[in-house]
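**Student:** build me a model:
(chains A, B, C and D)
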Number of protein chains: 2
Amino acid sequence: MSISSRFAVGIHILSLLEINKDGVNTSEYIAASVSTNPALIRKITGMLKNAGLVNVRPGVAGAGLAKELSEITLLDVYKSVNVVQDKELFGVHENPNPACPVGRNIQNTIGPIFSVAELALEKALGIVTIEDVVKDILEKENK
Amino acid sequence: MSISSRFAVGIHILSLLEINKDGVNTSEYIAASVSTNPALIRKITGMLKNAGLVNVRPGVAGAGLAKELSEITLLDVYKSVNVVQDKELFGVHENPNPACPVGRNIQNTIGPIFSVAELALEKALGIVTIEDVVKDILEKENK
DNA sequence: ATTACATGTAACAATATAGATTACAGGATG
DNA sequence: CATCCTGTAATCTATATTGTTACATGTAAT
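**Tutor:** Numbers count the residues shown, from 1 in each chain, chains lettered A, B, ... in the order given. Presented below is the predicted three-dimensional model:
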């Protein structure tokens, strides 16, 4: 099991919008960089738009960033592309036996624990911005 | 997307082995508490056994804990049940375009970032033990 | 030894989700 | 109005999870 690559693709898209900001970033162009099809790019770009991260309009070729590079964290992207429903990173079995002391309490016991772990993950993602990603890419390019 | 409930079921099993340590914990009995079928329980119990967390023998009814309660962390369980391959919590798109500055660097750039986030998650799981879980269950019972 | 019962494991179906692909309606611009 | 692009839905394939059944293997008691 892995978290959907929509998250990684979202980061890819935003980085590309910055690095190719002087070009026209059509879904076809982006798809060629990601190595997928334009429809998927339009879908993900739409999610990023709903989150206020990119500007893109029906009928008009090209997308662009809607916020400063340094103001977009990976957590923003993560939340945008709906790879994990809120508080549902960890799956929990349904209908444990209410006649058993463990069965009737397990969900309420592990729920908060899972939340803490999930928040730790999100905190780590919240520290990194697209600016960091772009800088790292450009740094790797100049070697 | 959610991480397989095998993880939650594994925690359930270990907690039950402790709380019902004076009984005979057959796969059928455990399955009734979890509300699933015995075959799945035997599969997960087998994983926990491979990780050295439980004792269980072919032909002999009942399983038991192989380590002290306080020495089993949720991270141990998490690793045992193979819900996430190592370093693969986050899926990354394959074959990005090597002719594009972003495409040829994105994997190496986000890989380490994803690792940090994954380690943050694992660290949070490593802090909690089955003893903590059992105590919480019993505490909830006594209310 | 034979019987009874439990575990280990494989096979199969059912379900859910991701991703690829195709198609087309709707919007924008020259 | 002709063209191009985005938005979106439908379909298909592949994969993973979970449920279910079946059976070989192992253990212990009679």
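
**Student:** give me the number of residues near A:G23?
**Tutor:** Residues within reach of A:G23, counting by other CB atoms under 10 Å in any protein chain shown, total 11. Every C-beta, even on glycine, is put in place using the N, C-alpha and C of the backbone.

**Student:** pull the contacting residues for A:E141.
**Tutor:** For A:E141, the contacting residues are B:101, B:105, by CB atoms under 8 Å, 6 or more residues apart in numbering or on different chains.

**Student:** change it to 6 Å
**Tutor:** B:P101 (CB atoms under 6 Å, 6 or more residues apart in numbering or on different chains).

**Student:** measure it to B:E94 for me?
**Tutor:** 21 Å (CB to CB, to the nearest Å).

**Student:** does A:N105 really touch B:I137, like I thought?
**Tutor:** Yes - look at A:N105 against B:I137 with CB atoms under 6 Å: they come within range, at 4.5 Å.

**Student:** comparing those two, which residue is more hemmed in?
**Tutor:** B:I137 (24 against 21).

**Student:** could you confirm the more buried one falls within a helix?
**Tutor:** Yes - under DSSP: H, G, I helix; E, B strand; the rest coil, B:I137 falls within a helix.

**Student:** the nearest residue to A:T26 once chain neighbours are set aside is in what secondary structure piece?
**Tutor:** Spatial nearest neighbour of A:T26, excluding adjacent residues (CB to CB, 6 or more residues apart in numbering or on different chains): A:A61 at 5.0 Å. A:A61 belongs to no helix or strand when elements are defined using DSSP states H and E.

**Student:** what about A:A61, how many residues nearby?
**Tutor:** For A:A61, the neighbour count with other CB under 10 Å is 12.

**Student:** quick check, pLDDT for it.
**Tutor:** You'll see A:A61 listed with a pLDDT of 87.

**Student:** ok, it to B:L17 distance?
**Tutor:** A:A61 sits 61 Å away from B:L17, going by CB to CB.
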